[in-house]
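>>> Give me the fold of what follows.
(chains A and B)
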Amino acid sequence: MGAGDRAGVMTRRVAVTGLGVVSPIGIGVAAFTGGLRSGRSGAAPARSFDTTGFEHDIACEVPDFEEPAGVGRTSALAVAAARMAVEHAGAPDLRERRGLVAIGSTMGESRDIDTLVAQELADGPAGLDPAVVRRINAGRLSVSIAHELGLTDVEAVTIPTACAAGNYAIGYGYDVVRAGEAGFALCGGADALCRKTFAGFYRLGAMAPERCQPFDRGRRGMLTGEGAGVMLLEDLDSARERGAPILAEVLGYGLNCDAAHPVAPDAGSVARCMRLALKNAAVKPEEVGFISAHGTATKANDIAEARAVKEVFGEESPPRTVSMKSMLGHTLGAASALAAIGCVVALTEGFIPPTINHVETDPECGLDCVPNHAVPADLRVVQNNALAFGGNNAILLLGRYEAEAVAT
Amino acid sequence: MTTMISAWSAISPFGLDAVAFAEGVQGGRRPADCAVPGFDTREVLGRKGTRTMDRVTALAVATAKPLVEGLGDETALVLGTNVSSVKSSMDFARDTLTEEKPFYVDAGRFPNAVLNCAAAQCAIWHTLKGPNATVSGGRATGLLALNYARRLHRSGRATGAVLCGATEELTEERSWLELKDASSPLSEGCAMFLLERDGPGQAEVLAVEFGVCSDLTQAGGVLRRCVDRAFASSDAEPESLWLIVGSGGEGEDLDGIPAKRLCVTDLVGDTFAASSAFGIATVLALAEAERRDGTALVTAVDRDGVVGCALLRLTGEGTR
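Below is the predicted model:
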């Protein structure tokens, strides 16, 4: 899996050198790691909107994060995570290098849209606050990071491919760095919780009243969440040259589309995406140490996803398959970015995060979801699943960085 | 490996197909009304499956239609949007405030409030099972989509054709949210391109380059660097440049470069997220009429600071 020549094109290895986290279970990698290790739950009564009239109000907000005045919450989350990722990587001066900034999202500046609707209802279209109007464009999630870090030689693109957007963005960063088109990529995802998102999932019947129990017989659905996760990717050689901490390698990923149903996943298509990812990463199924599942804890998702895992990895002993959403809730566009960061943490710290709130595994899922307590594990390769509305699947493979393997 | 544009399609204020767009662009006069004439979702796509479909999605699904015939299931799609349908998002949010219960919303319309709705519906309608991505970056969206699509070919993630384009709708809600100092009438539509690896085609995508300007007074300089890099990274001579189509953003003048100039907002109005996709369509429409060789530039400067350009080499071929 070294730098290689594929189809006549020199490619580079892609290192993860920095992680930035704003999550319901902790801000910053250290707090996030502690949360994953101890199985912390981010669930609490929602405070960011009036929950009157809903029969339950539990969500996974980021309690200690206030956006600066005049900034949309989703952009603020993304910018904060990006800044942390750069600091975590040893604060390299990225202005010297050509780069990519790619941030995924499901809803964009959705809380601002809610605010505008409330203003319109109160005072008509003339009552809309121009400062809020000015900041709703989805492209701002990425370009705000460039502005914050003073980056001008960058391609800033928002990739709003819904709940798989984090993996899409990380995958895009991988492709661009791997091909040598950029020296670094800041990539991940962000979303902010808002009333309409809560109402939408509530109405779909996809939401649990109290807790998120992926793969459990008694699961009742997801909890909506918010947050941001951003990774700094660099080409391995430059990262080594500058003495950067090399946390993991991106090994490859797969993308495909069910092209079937707007909200129900298709197990066969998800399995096909896993195979694409494994092939792209040159990883054999038996090399996968654990799977970080999409694992929303809806009836349909967990069964389809478990079926897909077994189709690819075999019925007998599929890898342990955990859902970090049991702790984080469904942070939408941030979900697969935060889970990918959780995978890097697992590789570096040597443990598999648990699936919390677990009582009894649903036999229809029939997977070892590492119930309730993290387990120590010597991991080399991990897989991060993301399945979005519209059947947009993105599956990412990350590997432990093996220093000796790059001796030349 | 080369990325070729082998076919294109457009639904625009000039009408429901590429022919109408080409005639309109050649005529050079912006329609008085910048809504797409005669675009009624149910009339264009039928009643089945369109109950909850919003306009930005319907425009994309219908624009893709003439391009997808004969393509394999593994076709990829890269679709640009700004915030998908702001009307859909606002309507959904409004229901949470005005209905008897906050959850008395239409669950079937929830995916419309999600930003990948149009791309997902295109995939479902036309059975496109390859990579399916949504990208966003204001006026530069079409160029960002083009680069994403080009990279799907380069990385081998797309082995067959890639559909690529951008869509924008004109609704009352969007007009509320536009800056009041807009110099062009708000407009709408969708333009899409069929990209194929190697092979024949009407234009080759030579380079797509981007930068970010910290404030719009810097935009011209950042764009100039993108253009210089586009020529430097390809083997095209600056003298080969025939046409530059701008997106209507600030600082897109590129003074001193001799070439024919057009601005997409002058032609079709302000299609915001679809601007640079319509810029590409303008190049193709005029090249087809004039059978030009040489190169063309499509530029974009977004108000949030994304700056970019695409350099295309015209082959003199017609579309398939």
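>>> Where does the stretch 151-300 of chain B get nearest to chain A, residue-wise?
Here the residue of the stretch 151-300 of chain B nearest chain A is residue B:210; by C-beta to the nearest C-beta that distance is 3.9 Å. No exception for glycine: its C-beta is placed from N, CA and C like everyone else's.
>>> Need the three-state assignment for that residue.
strand (DSSP: H, G, I helix; E, B strand; the rest coil).
>>> Give the burial count for it, as a bare number.
26 (other C-beta atoms under 10 Å in any protein chain shown).
>>> now residue A:320
Neighbours of residue A:320 using other C-beta under 10 Å come to 18.
>>> Please apply the same query to the one 5 residues further on.
Residues lying near residue A:325 (other C-beta under 10 Å) number 28.
>>> Find the nearest non-adjacent residue to it, please.
residue A:295 (5.3 Å; C-beta to C-beta, 6 or more residues apart in numbering or on different chains).
>>> Also residue A:109?
Using C-beta to C-beta, 6+ apart, the closest residue to residue A:109 is residue A:72 (4.0 Å).
>>> ok so, going back, secondary structure class of the residue nearest to residue A:325, three-state.
Under three-state DSSP, residue A:295 comes out as coil.
>>> show me what contacts it?
A:214-215, A:301-302, A:305, A:321-326, A:355, A:369, A:385 (C-beta atoms under 8 Å, 6 or more residues apart in numbering or on different chains).
>>> Give me the residue ranges of chain A where confidence is low.
A:1-9, A:404-408 (pLDDT under 70).
>>> so where do the helices sit in it?
Taking DSSP state H, the helices of chain A run over residues A:29-38, A:73-88, A:110-123, A:130-133, A:140-149, A:165-178, A:195-203, A:236-241, A:267-281, A:299-313, A:325-328, A:335-349.
>>> now swap in the stretch 201-320 of chain B and tell me
Applying DSSP state H, counting those that start in this stretch to the stretch 201-320 of chain B gives helices spanning B:219-233, B:264-268, B:275-290.
>>> How far off centre is the last one?
Taking C-alpha atoms, centre = their mean, to the nearest Å, the mean C-alpha location of helix B:275-290 is offset from the chain mean by 11 Å.
>>> List the buried residues for it?
Within helix B:275-290, the residues scored as buried using 16 or more other C-beta atoms under 10 Å in any protein chain shown are B:275-288.
>>> What of the first one?
Across helix B:219-233, burial judged by 16+ other C-beta under 10 Å covers B:219-220, B:222-227, B:229-231.
>>> same check, this time on the shortest one
Neighbour counts over helix B:264-268 (16+ other C-beta under 10 Å) mark B:264-265, B:267-268 as buried.
>>> Now the helices of the stretch 201-320 of chain B in CSV, please, with extra columns for mean pLDDT and distance to residue A:123.
Shown next, in CSV, are those (pLDDT from 0 to 100; distance: least, C-beta to C-beta, whole Å):
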stretch, mean pLDDT, distance to residue A:123
helix B:219-233, 97, 34
helix B:264-268, 96, 30
helix B:275-290, 96, 31
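>>> got these as a markdown table, with distance to chain A columns?
Formatted as a markdown table, the helices of the stretch 201-320 of chain B follow (distance: least, C-beta to the nearest C-beta, whole Å):
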| stretch | distance to chain A |
| --- | --- |
| helix B:219-233 | 6 |
| helix B:264-268 | 17 |
| helix B:275-290 | 12 |
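>>> Figure out which of those helices is closest to residue B:104.
helix B:275-290 (37.2 Å; C-beta to C-beta).
>>> With adjacent residues omitted, what lies nearest to residue B:205?
Per C-beta to C-beta, 6+ apart, closest to residue B:205 is residue B:3, 4.3 Å.
>>> was I right about the one you found contacting residue B:207?
No: judged on C-beta atoms under 8 Å, residue B:3 makes no contact with residue B:207 at a distance of 10.4 Å.
>>> where in the stretch 151-300 of chain B is pLDDT low?
For the stretch 151-300 of chain B (pLDDT under 70), the answer is B:179-182.
>>> Name the residues of it found near chain A, please.
B:151, B:154-157, B:176-177, B:179-180, B:210-214, B:218, B:222 (C-beta under 8 Å from any C-beta of the partner chain).
>>> so how many other residues sit close to residue A:31?
By the measure other C-beta under 10 Å, the count of residues near residue A:31 is 15.
>>> follow-up on the earlier one: please name the residues that touch the residue of the stretch 151-300 of chain B closest to chain A.
Shown in contact with residue B:210 (C-beta under 8 Å, 6+ apart): A:154-156, B:140, B:143-144, B:147, B:226, B:306-308.
>>> before we move on, back to that, export the helices of chain A as CSV, with columns for distance to residue A:287.
Shown next, in CSV, are the helices of chain A (distance: least, C-beta to C-beta, whole Å):
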stretch, distance to residue A:287
helix A:29-38, 22
helix A:73-88, 27
helix A:110-123, 39
helix A:130-133, 49
helix A:140-149, 33
helix A:165-178, 18
helix A:195-203, 35
helix A:236-241, 20
helix A:267-281, 9
helix A:299-313, 11
helix A:325-328, 25
helix A:335-349, 13
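>>> how about those helices, which one is nearest residue B:39?
Nearest of those (C-beta to C-beta): helix A:110-123, 24.6 Å.
>>> and the angle for the closest one with helix A:195-203?
Orientation note: helix A:110-123 sits at an angle of 100 degrees relative to helix A:195-203 (axes from the mean of the first three to the mean of the last three C-alpha atoms, to 10 degrees).
>>> what's helix A:110-123 packed up against?
Counting contacts by 3 or more C-beta pairs under 8 Å, 6 or more residues apart in numbering or on different chains; DSSP states H and E, helix A:110-123 is packed against helix A:73-88, helix A:130-133, helix A:195-203, helix B:86-98.
>>> how does it look with 10 Å?
helix A:73-88, helix A:130-133, helix A:195-203, helix B:86-98, helix B:172-177 (3 or more C-beta pairs under 10 Å, 6 or more residues apart in numbering or on different chains; DSSP states H and E).
>>> what separates residue A:335 from residue B:66, distance-wise?
Distance of residue A:335 to residue B:66, computed by C-beta to C-beta, to the nearest Å: 36 Å.
>>> Repeat that for residue A:13.
42 Å.
>>> Tell me which of the two has more neighbours.
Taking neighbours as other C-beta under 10 Å, residue A:13 and residue B:66 compare with residue A:13 leading, 24 against 16.
>>> closest point of the stretch 251-400 of chain A to chain B, which residue?
Taking C-beta to the nearest C-beta, the stretch 251-400 of chain A has residue A:390 as its residue nearest chain B, at 2.3 Å.
>>> Not counting residues beside it along the chain, what's closest to that residue?
Sequence neighbours aside, residue B:120 is the residue nearest to residue A:390 in space, at 2.3 Å (criterion: C-beta to C-beta, 6+ apart).
>>> What mean pLDDT does the helix or strand containing the one you found get?
Here residue B:120 sits within helix B:117-126, counting by DSSP states H and E. The average pLDDT for helix B:117-126 rounds to 97.
>>> any idea of the angle it forms with helix B:86-98?
Using the same axes, to 10 degrees, helix B:117-126 lies at 110 degrees relative to helix B:86-98.
>>> what about the strands in the stretch 51-200 of chain B?
Listed in chain order, the strands of the stretch 51-200 of chain B (DSSP state E, counting those that start in this stretch) span B:76-80, B:132-135, B:162-168, B:189-197.
>>> okay, the first one in CSV with CA atoms only?
Output for strand B:76-80, consisting of C-alpha atoms alone and laid out as CSV, is shown next (Å, rounded to 0.1, in the frame of the first residue of the first chain):
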residue,chain,number,x,y,z
ALA,B,76,-21.9,8.7,-11.6
LEU,B,77,-23.5,12.0,-10.8
VAL,B,78,-22.0,15.1,-9.4
LEU,B,79,-24.6,17.8,-8.9
GLY,B,80,-24.1,21.3,-7.7
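>>> So is that strand next to chain A?
Yes: in terms of C-beta under 10 Å from any C-beta of the partner chain, part of strand B:76-80 sits within range of chain A, namely B:76-80.
>>> Which strands and helices lie in contact with that strand?
So strand B:76-80, by 3+ C-beta pairs under 10 Å, 6+ apart, packs with strand A:248-257, helix B:55-68, helix B:117-126, strand B:132-135, helix B:141-154, strand B:162-168, strand B:189-197, helix B:275-290.
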